[in-house]
Structures are given as structure tokens and as C-alpha cells.
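A.B. asks: Here is my input, please return the structure:
(one chain, ligands or ions: 2)
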Amino acid sequence: MPRAGGRRMAGVNAQLAVVNGRLVTPEGVRSGVLLVADGRISGITGAAPRGVPVLDAAGGYVLPGLIDSHVHFRTPGLEHKEDWEHGSRAAVAGGVTTVLDMPNTVPPTLDPDAVVAKARRITGRSLVDFAFHIGADPSRPEILAGLDPAVARSAKVFMAGHHTAPTVISDPVQLDKVFAAAATSGVRLVLHAEDQRLHDLLDTWRGGPPDAYRDYERWRPRSSPISAVVRVLELVRRHGTEAHILHLSSADEADLVAAAAADGLPVTFELTAHHLSFTDADTARGGARTRLAPAIRGAHDQERLWAALRAGEVATLGSDHAPHTKAEKELPVAEAPPGLPGVQELATAVWTGMRRRWPDEDPDTAIRRLALHMGERPAGLFGLTGKGRLVAGADADLVVFDPERRWMLSAADVAAKCGWSAYEGWTFTGQVRVTVKAGRIVYDREQGRFGAPAGRWLSPLGREKGRACNG
Ligand code: DOR
Ligand code: ZN
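C.D. replies: Ligands and ions are numbered 1, 2, ... in the order given. Predicted structure coming up:
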């Protein structure tokens, strides 16, 4: 069992020594004692220095604190669905110590002032470090052209609308301007790539949403994201904009983006745990809990997404943690919003899927994928210095992960405010046991304990504004 114990001895610099762990470093998995001093990883050594508090990883993997570059923690304005107290607890229970939050709040985060105001609200409430995707405002593309990277390095574009997407950019001229503006300043666009005009067309043919979830996938079919991805690739080719396409749902999207990237275009993509874990049959059977935008598709598409993970074509694994209340999900199909909680389940669900699908794979190879796609790659894409790598000098954000533990998720495990999970009743392989942020334990599963909300805004502006906010 992982446990922190021992005492600090005068003159010893180290704050913590993590022993008996399999350390998941960028060079591979290795043994050794990981030392922490002043909130940073100070090195890897052979034995724990005397007198330093010890965290016993009990043979489990020690990963860098995971990054989830796609969460909707619903602040401000939608706190009945989720808030930072609950969302950040769900994060650390899932081994996540850094999140990038989405702008579709009420009001939406569409300019630097709104981002700063949001950071001020969150400071003192979050257990995890945070940064933001600013929302691309179609009426003010100039904001992206002059965006200060200390405010945000990336901007979210919704190419199609749904219940919580207020500023949809479906007009080709506006979209072109946004891509041009982002290219000017080097802002990376993160895209919800569905085709609003196709949705409108389908609605004129078929009417509104179906009466039953059996028909949900056909109502918002794979042709929609495929068409939107083609448009994105054209615009990237024209402007050179860096584009990260979120939540791929179909084989064709993966084929298109992988081919464009191989051609040298600056395009990357994200996979979610839900598109890897569920199929449209689950939505047909189970209804609103796996109602997502984009919709979850069939087994053929799901296979291609797993192949993209295996081949390393994917850049990031993101949760798209987008909770809604049980009451909202129980509304008739026309009104029930898409989205599910997922930051807590992401790493474990992907690990479970990898072990089930590829049982003969060396677990050290599999675990490196989590460190890569929830560590190095998102840190690199979004400029998160000191995050995502188990190396000396990095922030001492760590996860102790037991790769073999089998356990069933129940509603009682759910830390998200909504209190439900689409994975209830699933037997997972692998479990987050302890999560450490800046050298301090922020989650201990065995003791059922969470740490203090010491999460920082990962921006040079954050320190200054954080003080203003506390003052
Ligand atoms: O299913 C979804 N829900 N997809 C999104 O893109 C947004 C999200 C939400 O905010 O509820
Ligand atoms: Zn999202």
C-alpha cells in the first residue's frame, strides 16, 4: 500500500522520496528512488536519504501527473452541473494534476478579461493546476491575432452548436478569418469539428432529434465531422494555422488527419475515453449517458481509433469532462444535453482498454502511452513548462498507479458534482492509488483523502492576479 511516513531531518533538502516504484520516464520505465525538493523533482537515486518522508509505491507505476487538456468545469454560470471543488477532486482521483478548461461557460470566455476573471474565481478552489482555451469569437477575430500567450495559447472553435455551445462558427468567411488570425499570432486552434450546415440540412429532411436513442447516431452521423475535418484541413493548408482536432469519432477522420500530418501539415488530434470505450449500441441501449457530441459510432470506427493510439498517430487523450445533472440527462431526447463526466475515468478506462485489447503487450510499453498522450504531448502542444515528464527539474506532480488492480466503479466512487458515471458497473483494470502535486499528496485512495486547493493558473499573469484575488 502506498504510504507517506517518516520525518524530515535537519539539513536534508528533500521533501519526499518515492520508493518501490516503476518510474515512467521519457526514456522508458526504470527503477529507482524519485526525490522531491521544493515542489520539484530533484533527481532519481538508488536509495532514499535518511530522514526524508517516504511514499511507498508498492511496486506500482509512478507516472508524471497527468494532463487533461479538455475539461468543462462549468465555471462561471453552470455550477449546478460542475464546479472546481468537485471537478478538481475528480481530476486528482483520476491521476490528473493539470487541466485545460473550455470556454463555453455563461458568459463564455471570449476575451482576455474574461479569462483573467475566470482565473480569479478559480484560485483557491482547485486542487489541480489549470490553464484555459479562450473561445474564438467570430465577431472579434482580432482578439486571436493579438493574443498574449500568458492569457491563453490556444483557442476553441465550435463549428457546430448544441446545448452548451454558444458561439458557433459555421460561416466559411468567419472561419477563414479565425484561422488567419490564429496563424498571425501562433495561437493553436482546438476544434469541435462538426458541420452545422449539414446538421441544419439533416434537420430539414428528418425534423428535430429522434424520439429514441436508437436513432441518435443517425441523426448526427459521421459525415458531419468528416466534412468539418476536410474544411479544417483546407484552412490549415491555406493559412498554416496549428490545429488540434478534438474528440475524433470515426475512422475517416483519423485517416484524413493522419494523412495530412504525414504530409507535413501542423494538424494533430485528440481521442476521448468514451469514443474508445463505448459504441452506438451502448447509446441505443443506455440512452442519454453516452449521448455525446460528436456521437459515439460503431465498432469499425472504434477499432480505427484504437489503431490510432497503438500507432502513435494521436497526440492527446482528453476526457471532454462535460457533466450534466441526472435530471438534465433524464429529459426527453430533444432536450437532454450531450456530455458526460470523464476526467476521473480517462486514464483508467484507456488503460483497461489497452490491457484487454492487447494482453500480450509489454505493460511498460502500454503505460508509456499514458505518459506520452496525457503528459509530454499535451505539455508540448500547450506550452505547459515543467509538466508531463518525470525528469529532474520538473514540477513534482506524480501519480502512483497500480496496473493490475481490478475493481468495479460505482456511483459512490464518482467525485464529479453530477454524481453519476457512464462507467458505473464497469470492471476496470488499474487504479490510481495516490496523486501528488508539487510534492504534496492531493489524493490518497486508501484513506479516502483529498489535499488542499493549491492549484495555480499556469500563466505568468497568474501569480500577479492570484495575489490580487486573495487580497
Ligand atoms: O458532448 C459534448 N458536450 N460535446 C461538447 O463538445 C461539449 C460538451 C458540453 O459542454 O456539454
Ligand atoms: Zn468539450
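
A.B. asks: Give me every residue in the protein lying close to ligand 1.
C.D. replies: Contact residues, the chain versus ligand 1 (C-beta under 6 Å from any ligand atom): 72, 104, 164, 192, 292-293, 320, 322, 337-339. All C-beta atoms are positioned from the backbone trio N, CA, C, and that covers glycine.

A.B. asks: hmm, try it at 5 Å
C.D. replies: 72, 164, 192, 292-293, 322, 338-339 (C-beta under 5 Å from any ligand atom).

A.B. asks: How is Val178 assigned, secondary-structure-wise?
C.D. replies: Of the three states, Val178 takes helix according to DSSP: H, G, I helix; E, B strand; the rest coil.

A.B. asks: so it makes contact with Glu142?
C.D. replies: No - assessed by C-beta atoms under 8 Å, Val178 is found out of contact with Glu142, at 10.5 Å.

A.B. asks: Compare those two and say which is more crowded by neighbours.
C.D. replies: Val178 (26 against 12; other C-beta atoms under 10 Å).

A.B. asks: In terms of pLDDT, where does that one sit?
C.D. replies: At Val178, the pLDDT value in this model is 98.

A.B. asks: just Asp211 next, same as before
C.D. replies: 88.

A.B. asks: and what of Gly6?
C.D. replies: 44.

A.B. asks: same thing with Pro2?
C.D. replies: Pro2 carries a pLDDT score of 45 in this model.

A.B. asks: same check, this time on Val230
C.D. replies: Val230 is assigned 98 on the pLDDT scale.

A.B. asks: my read is it is in a strand, agree?
C.D. replies: No - according to three-state DSSP, Val230 belongs to no strand; its state is helix.

A.B. asks: helix or strand for the closest residue to Gly240 other than its chain neighbours, which one?
C.D. replies: The shortest distance from Gly240 to any non-neighbouring residue, by C-beta to C-beta, 6 or more residues apart in numbering, is to Ala183 (5.3 Å). Taking DSSP states H and E as the definition, one finds Ala183 inside helix 172-185.

A.B. asks: contacts for that helix?
C.D. replies: Around helix 172-185, the neighbours that count as contacts under C-beta atoms under 8 Å, 6 or more residues apart in numbering are 136, 138, 141-147, 155, 157, 159, 169, 187-189, 231, 235-236, 238-243.

A.B. asks: Of the residues you listed, which belong to strands?
C.D. replies: Counting by DSSP state E, the contacts of helix 172-185 place 155, 157, 188-189, 243 in strands.

A.B. asks: picking up where we left off before, please convert the residues of the chain next to ligand 1 to TSV, extending it with secondary structure.
C.D. replies: Output for those, formatted as TSV (three-state DSSP):
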residue	secondary structure
His72	coil
Thr164	coil
His192	strand
Leu292	coil
Ala293	coil
Ala322	coil
Pro338	coil
Gly339	coil
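
A.B. asks: How about the secondary structure of the most centrally placed residue in the chain?
C.D. replies: By C-alpha atoms, centre = their mean, the mean C-alpha position of the chain lies nearest to Asp68, the distance being 2.6 Å. At Asp68 the chain is in strand, as set by three-state DSSP.

A.B. asks: shouldn't it be in contact with Thr97?
C.D. replies: No - assessed by C-beta under 8 Å, Asp68 is found out of contact with Thr97, at 9.3 Å.

A.B. asks: Overlap of the contact sets of the two?
C.D. replies: Ala91.

A.B. asks: Report the contact partners of the nearest residue to His373 once chain neighbours are set aside.
C.D. replies: Spatial nearest neighbour of His373, chain neighbours left out: Leu317 (4.4 Å); criterion: C-beta to C-beta, 6+ apart. By C-beta under 8 Å, 6+ apart, the contact set of Leu317 is 270-273, 309, 346-347, 350, 370, 373-374.

A.B. asks: Let's have the residues you listed in a markdown table, adding pLDDT, neighbour count and secondary structure.
C.D. replies: As requested, these are exported to a markdown table (pLDDT from 0 to 100; neighbours: other C-beta atoms under 10 Å; DSSP: H, G, I helix; E, B strand; the rest coil):
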| residue | pLDDT | neighbour count | secondary structure |
| --- | --- | --- | --- |
| Glu270 | 99 | 25 | strand |
| Leu271 | 99 | 24 | strand |
| Thr272 | 99 | 28 | strand |
| Ala273 | 98 | 27 | helix |
| Leu309 | 98 | 21 | helix |
| Leu346 | 99 | 30 | helix |
| Ala347 | 99 | 26 | helix |
| Val350 | 99 | 25 | helix |
| Leu370 | 98 | 25 | helix |
| His373 | 99 | 25 | helix |
| Met374 | 99 | 30 | helix |
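
A.B. asks: Could you point out the member of the residues you listed that lies closest to ligand 1?
C.D. replies: Thr272 (9.3 Å; C-beta to the nearest ligand atom).

A.B. asks: That closest one reaches Thr316, doesn't it?
C.D. replies: No - look at Thr272 against Thr316 with C-beta under 8 Å: they stay out of range, at 9.8 Å.

A.B. asks: Between these two, which contacts overlap?
C.D. replies: With C-beta under 8 Å, 6+ apart, Thr272 and Thr316 have common neighbours His70.

A.B. asks: would you list the residues of the chain next to ligand 1 in JSON lines and tack on neighbour count?
C.D. replies: Compiled in JSON lines, these are given as follows (neighbours: other C-beta atoms under 10 Å):
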{"residue": "His72", "neighbour count": "25"}
{"residue": "Thr164", "neighbour count": "21"}
{"residue": "His192", "neighbour count": "24"}
{"residue": "Leu292", "neighbour count": "25"}
{"residue": "Ala293", "neighbour count": "24"}
{"residue": "Ala322", "neighbour count": "25"}
{"residue": "Pro338", "neighbour count": "21"}
{"residue": "Gly339", "neighbour count": "26"}
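
A.B. asks: Lowest-confidence one in those?
C.D. replies: By pLDDT, Thr164 ranks lowest within these, coming in at 76.

A.B. asks: what are the phi and psi values for that one?
C.D. replies: phi -110, psi 20 (degrees, to the nearest 10).

A.B. asks: Excluding residues flanking it in the chain, which one is nearest it?
C.D. replies: Here the nearest residue to Thr164 in space, its sequence neighbours aside, is Asn104; by C-beta to C-beta, 6+ apart that works out to 5.1 Å.

A.B. asks: do the same with Asp444
C.D. replies: Using C-beta to C-beta, 6+ apart, the closest residue to Asp444 is Val434 (5.4 Å).

A.B. asks: Roughly how far does that neighbour sit from ligand 1?
C.D. replies: Distance of Val434 to ligand 1, given as C-beta to the nearest ligand atom, to the nearest Å: 30 Å.
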